[in-house]
Every structure is written in C-alpha cells, then in structure tokens.
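Undergrad: After the sequence you'll find the predicted model.
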Amino acid sequence: MPQDVPHLSTKATAQNTYDAIVVGSGISGGWAAKELCELGLKVLMLERGKEVHHPNYPTATLAPWDFPHRESLDRADRERSPIQARHFSYREDNKHFYIDDRENPYEEVKRFDWIRGDVVGGRSLLWGRQCYRMSDLDFEANVRQGVGVDWPIRYRDIAPWYDHVEKFIGVSGNADGVPHLPDGHYQPPMAFNCVEEYFTTRIAAKYADRRVIMGRTANLTQPVQGRGQCQFRNLCHRGCPYGAYFSTNASTLPAAFATGRLTLRSGSLVNKVLYDNDAQRATGVEVIDRETGKTVEYYARLIFLNAATLATTFILLNSRSHRWPEGLGNSSGQIGRNLMDHHKSNSITGIMPGFEDKYYYGRRPTGLYIPRWQNFSGEHRDYIRGYGYEGSAYRARAHPDVSIGAALKEAATEPGPWTISFKGYGECLPYADNRVALNTDKKDKWGRNTLSVDAEFRENEKAMNKDMIVAMQEMLDAAGCKDISAGAGISFPGNANHEMGTARMGRDQKTSVLNGFNQMHEVPNVFITDGSFMTSSGPANPSLTYMAMTARAVHYAVAQLK
C-alpha cells in the first residue's frame, strides 16, 4: 500500500512552489492558465509533450510534393503508432504532433482508439474546431430520463462563460435561431457553395423539423487580437502560422505569458497528485522528467487537472494513499466510470446532378451542420437522445482512376460531378461499466502504471447509428441526389476523439466526483475541467463547453482562495 510521506520545507521546495499548477496544455489547460494568470496567480503549466512554438509549425507551408510519401503514412509510421493510425487525422504532414504508441501502451479489453497529441498545445492543434453550445435539452436529459445522474448546472449558469470564450477565441457562424442550439457571439460566417445552398432550400421545403446551417467554427473570418484571418488553405491540422484558428499556442498561451506569471515546463509526465492527510488538501504533483527519468515535486495551493480525460483519470487513479486507496477523491467509486465518446457513421454520399458550370473558391475549413431534431417531446424511435450531421458539397477529379503521366495532368484539369457527403455524430449514454482502470502489470517507457480500457457502444447507440444512416439517405434523395451510398457500421469508442465523463460532476458526492464548479467534492483545491467532468455527452462537439466551464471554474476557485 502506498505511504503518505510528509514533504520537508526546504529551499528547493520554495523554488518549486507556485500559486497554481495546471496539468496539460490543450484546449482546457490553456484556458486555465490564461485565466489564472490574468487573475494574478503565479502559475506552473506542466505538459508531457514536446515544445511547439507559434508560428513555427514545421510543415505548415510545405507543398504535397515536399513530403516523401505525398502526405500518406508509411510502414514505419504505422509501426510507431498503430493506434494513432486508426484515425483519419494522423498523416505524414502532422505525425510529429502525435504520441508514440510503443512508448505509451494501454490495454484494450475492448477496442478503444485513444488518439493523443504529444506536444505543447495538445489536441488544440488537431481539433475539428466546431463550436456549439449545449442547452437545457442536454443538461436536463439525464434527470428527465432517469439515466446517470443530473447535471448540477443549467444553461443559464454557463451562458455568460460561453459569451466570454467566444469573444476571445473568435467563432465564425450565424445566429440561426435553433432553440436547442443556442446562438452566441459570431464573426461573419463562411459561405455556402451553390450546391449547398440548393440542398439547404430543398431540405427546408421537405422537412419542417430540420435545419441546415453553416458550421460554427473557431476559424477567424476577421482578424482578432493579433491573429490573422483564415486563408482558406484547409491545412489546420499542420498548425496555422497565421493564428487563424483557435489553439493554445496561438491564443491562450500568449495571453498567459503576457502577464509575466506563467512558467511552462514541457517533457513533464505528471504521475500523481500529492495529498496532505492532516490538512486534507492536495499539496502538489509528482512529475517524471521525460529526458532524465528523474522525479521532481511541484507544490501549489490550487491544482487544475487538464491532461485530457483518460490521462487525468490515470493521474487520479494513480494518486493512491492510505486515505485514498482507490485513487484521489474516489470514495464514490466513480473515477474511471461512465466513459463516453460520440459515435460516428461512415460517410453517406450522393451525386447532385446539374451545376456542372459552377465551381468554388478556396478550401473552406468547415462545412454544413444539421443539428439534432430527434426525440424532443418524450417520444422516441428505437433509442433516446439524438444526433447531428457534419458535411459539405464538393467536386473531385473526373477520372480518379488515372494516376500517372500526361493523362493524370489532363484529368486533373477536369472536375468531376458535384458530390455531397455527410457523417453523423450521435450521443453516447453514460454507462457505469464503460470504464477505465489502473493497470499495475503493464508499464510505459518510464516505468509508470498504465490504463486498462473496457468500453463499448450499446444498443441505444447502435440503433441511433442505423437511423442516422437511413435518415440521411432519405434527405439526399429528397434533395434530388443520385447514386446515394453509405458505408454500414459504427465507429469504435475513442475514434470521434471526444472521450469524456470519467470524473463526472453531480449534486451528490456519493455518486459523482465534482460539484457544479468542477471542484472535487473531497479534495476542494483540485479542479478538473477537461472532458472528464461531463455528466452526459450531448450530440455535438464538446470543446466549447470545456473552455467555458474552465473559465467559470477558475474564477470560482480564485474567489474561494481569496
């Protein structure tokens, strides 16, 4: 059994002491550091990954022919990171942002695609940038349907913080007036192309309950706070030298550094949270240096865990002591449980006849969005909750089978027919036995314990996934598309890259880990604002909610300190 060891007050301890520690530099960690620093605290940010400095992203301006394999992965890439290679976003031109799976193993009791960044900025450099607010349709769903536990907040609690975040990061989009997809503060939206406009009018004429809107995205259409506007290159996954999409590196980190109160230490593997049993508070964290393998401790009055859901869960479960034999603050037994991720459909596509005399300009980095329309009034199909779609219309090459020589050059000048394609993203319910647990048998490169992941999509998600495929085929047909096709099957958990829920917030500390301000019920100076806190998943990209909840939690925590 691990021992509780008192920490001596030495000069080294004083040098390693800060007002607050933030673990992780991704979307939520960057926000925690920015807000803490701007509120006057001396902050240490600990990041396991390598340094990446904005605007110096190594492949951002390279052409496809500058890559040995024309942006495709080779065998060595797949051997280095076979888990990352399961995801479409892992490519030759950005593979340096991703984790080495050989050094960072975990056990898949059932397949789980754990997609991880390994750089300063984390997945804020890699995310899809879709920004949607949750509504009370989402916050009230659990209690209405007797699923999981009730959220301890409602939309009115977080709405001002959505405002706060949107104004800072810059979100382009429309105020669309969809009641369950609240409007926010937006820059001018990106434009539909001609086929998308036509599709939108056909859907509006056919379906009274469905809306097709432009995706609300954290890509700037106007400059903001020293960041340039989008150049329509659609190379966001390489890092943007213009700062035209929100990332920690381009946005929150510069703001935090501007205060003079931030210290960033990369290459720092946080192993556990240190706990003082007498004071009944966390005192700091234990860190392993990636290069030297040496262990060092850092101390603070306030700790924010933002390592991303599974990594934060590892830290909590690994923080065992006489007081917490099952992990820090885990009297409820809920840490590691209720793991969720959105489930995806394969692409559903159709050919739109006509419009062959029209084309479009640039490579828009966002697409259409069709918000959830299912199960609003207690009625439901074969499932509860709902899903939305992301998609776009485009023209590919007329002769994609031609791949070499003069014939290729000739084919490349001729655009093919208009194709419109959508992919569905659906809500996953919180299941107590969808969980991660500490694995003390399998170690990583640095001798640390690892995780065992045992999660799957259940009948509700499978029924919803089937419906999203059928419904989109019907919509494409109603819009006049031909040659409609859809791949069957549902994604594996993790592959939507929205893992969440393993340290959920709730009203009762017997059934939850955090209160309504992301504060641990039993360790009040530890806050968790990455995806771990989510009580249900909703159907849309959750990143905006992580950011808003982080800012809200920081202001609450600092007020409590004072």
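TA: Everything's here; your move.
Undergrad: Which of the helices or strands spans V52?
TA: Counting by DSSP states H and E, no helix or strand carries V52.
Undergrad: and the closest residue to it other than its chain neighbours, how many residues sit next to it?
TA: Distances taken as CB to CB, 6 or more residues apart in numbering put V119 closest to V52, at 4.6 Å, once the chain neighbours are dropped. All C-beta spots, glycine's among them, are computed from the backbone N, C-alpha and C. By the measure other CB atoms under 10 Å, the count of residues near V119 is 24.
Undergrad: Then the one 10 residues further on?
TA: Neighbouring residues of R129 were enumerated by other CB under 10 Å; the total is 23.
Undergrad: With Q280 instead?
TA: Look at Q280: counted by other CB under 10 Å, it has 12 neighbours.
Undergrad: separation between it and M520?
TA: 11 Å (CB to CB, to the nearest Å).
Undergrad: shared neighbours, these two?
TA: Common neighbours of Q280 and M520, counting by CB atoms under 8 Å, 6 or more residues apart in numbering, are absent.
Undergrad: what's the first-to-last distance across stretch 224-232?
TA: With CA to CA, to the nearest Å as the measure, stretch 224-232 spans 17 Å from end to end.
Undergrad: returning to what we had before: partners of the residue nearest to V52 in the sheet?
TA: Counting by DSSP bridges, V119 forms beta bridges with K50.
Undergrad: got a list of what it touches?
TA: For V119, counting by CB under 8 Å, 6+ apart, the contacting residues are 49-52, 96-97, 125.
Undergrad: In space, what's closest to S536 - neighbours in sequence excluded?
TA: Using CB to CB, 6+ apart, the nearest residue to S536 is N142, at 5.3 Å.
Undergrad: so that neighbour makes contact with W151?
TA: Yes - using CB atoms under 8 Å, N142 is in contact with W151, at 6.6 Å.
Undergrad: So which of those two has more stuff around it?
TA: W151 (26 against 19).
Undergrad: shouldn't that one be in contact with E140?
TA: Yes - under the criterion of CB under 8 Å, W151 makes contact with E140 at 7.5 Å.
Undergrad: measure the residue nearest to V52 to F97 for me?
TA: 5 Å.
Undergrad: so what sits against both of these two?
TA: In contact with both V119 and F97: 52, 125, using CB under 8 Å, 6+ apart.
Undergrad: contacts for the helix or strand containing I351?
TA: Assigned by DSSP H and E, I351 belongs to strand 348-352. Residues outside strand 348-352 that contact it (CB under 8 Å, 6+ apart): 195, 198-199, 393, 417-424, 469, 472-473, 476-477, 479-486.
Undergrad: and if we set it to 10 Å?
TA: 194-196, 198-199, 202, 389, 391, 393, 395, 416-424, 468-473, 475-477, 479-487 (CB atoms under 10 Å, 6 or more residues apart in numbering).
Undergrad: give me the low-pLDDT residue ranges for the protein?
TA: 1-10, 378-379 (pLDDT under 70).
Undergrad: What strand or helix carries A12?
TA: A12 belongs to helix 11-15, assigned by DSSP H and E.
Undergrad: about what we covered before: who touches both of N142 and W151?
TA: With CB under 10 Å, 6+ apart, N142 and W151 have common neighbours 504, 506, 535-536.
Undergrad: ok, the strand holding I351: who's next to it in the sheet?
TA: Counting by DSSP bridges, strand 348-352 is paired with strand 415-426 (antiparallel), strand 482-486 (antiparallel).
Undergrad: is it possible to export those to TSV including distance to W65 and mean neighbour count?
TA: Formatted as TSV, the strands paired with strand 348-352 follow (distance: least, CB to CB, whole Å; neighbours: other CB atoms under 10 Å):
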stretch	distance to W65	mean neighbour count
strand 415-426	21	22
strand 482-486	32	14
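Undergrad: closest one to G228 among these?
TA: strand 415-426 (29.4 Å; CB to CB).
Undergrad: how about that closest one as PDB, C-alpha atoms only?
TA: Provided in PDB are the C-alpha atoms of strand 415-426 (Å, rounded to 0.1, in the frame of the first residue of the first chain):
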ATOM      1  CA  PRO A 415     -13.600  18.500 -62.300                       C
ATOM      2  CA  GLY A 416     -16.000  15.600 -61.700                       C
ATOM      3  CA  PRO A 417     -19.600  15.700 -60.700                       C
ATOM      4  CA  TRP A 418     -20.800  17.500 -57.600                       C
ATOM      5  CA  THR A 419     -20.800  15.200 -54.600                       C
ATOM      6  CA  ILE A 420     -22.500  15.900 -51.300                       C
ATOM      7  CA  SER A 421     -21.400  14.000 -48.300                       C
ATOM      8  CA  PHE A 422     -22.400  13.800 -44.600                       C
ATOM      9  CA  LYS A 423     -21.200  12.000 -41.500                       C
ATOM     10  CA  GLY A 424     -23.400  11.600 -38.400                       C
ATOM     11  CA  TYR A 425     -22.300  12.200 -34.800                       C
ATOM     12  CA  GLY A 426     -24.500  10.800 -32.100                       C
END
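Undergrad: Next, the buried residues of the very next helix or strand once past that strand.
TA: Next helix or strand after strand 415-426 toward the C-terminus (DSSP H and E): strand 435-443. Buried residues in strand 435-443, counted by 16 or more other CB atoms under 10 Å: 435-439.
Undergrad: Please compute how far the next helix or strand after strand 435-443 lies from its chain's middle.
TA: Proceeding N to C from strand 435-443, the next assigned helix or strand is strand 449-454, under DSSP H and E. With CA atoms, centre = their mean, to the nearest Å as the basis, strand 449-454 stands 20 Å off its chain's centre.
Undergrad: Check the gap between P182 and M340 for me.
TA: Separation of P182 from M340 (CB to CB): 22 Å.
Undergrad: before we move on, what about Y299?
TA: Relative to M340, and taking CB to CB, Y299 is found at 33 Å.
Undergrad: Same question for V52.
TA: Distance of V52 to M340, computed by CB to CB: 29 Å.
Undergrad: what's the answer for R238, then?
TA: Taken as CB to CB, the span from R238 to M340 is 29 Å.
Undergrad: Next: A300.
TA: For A300 relative to M340 (CB to CB), the value is 30 Å.
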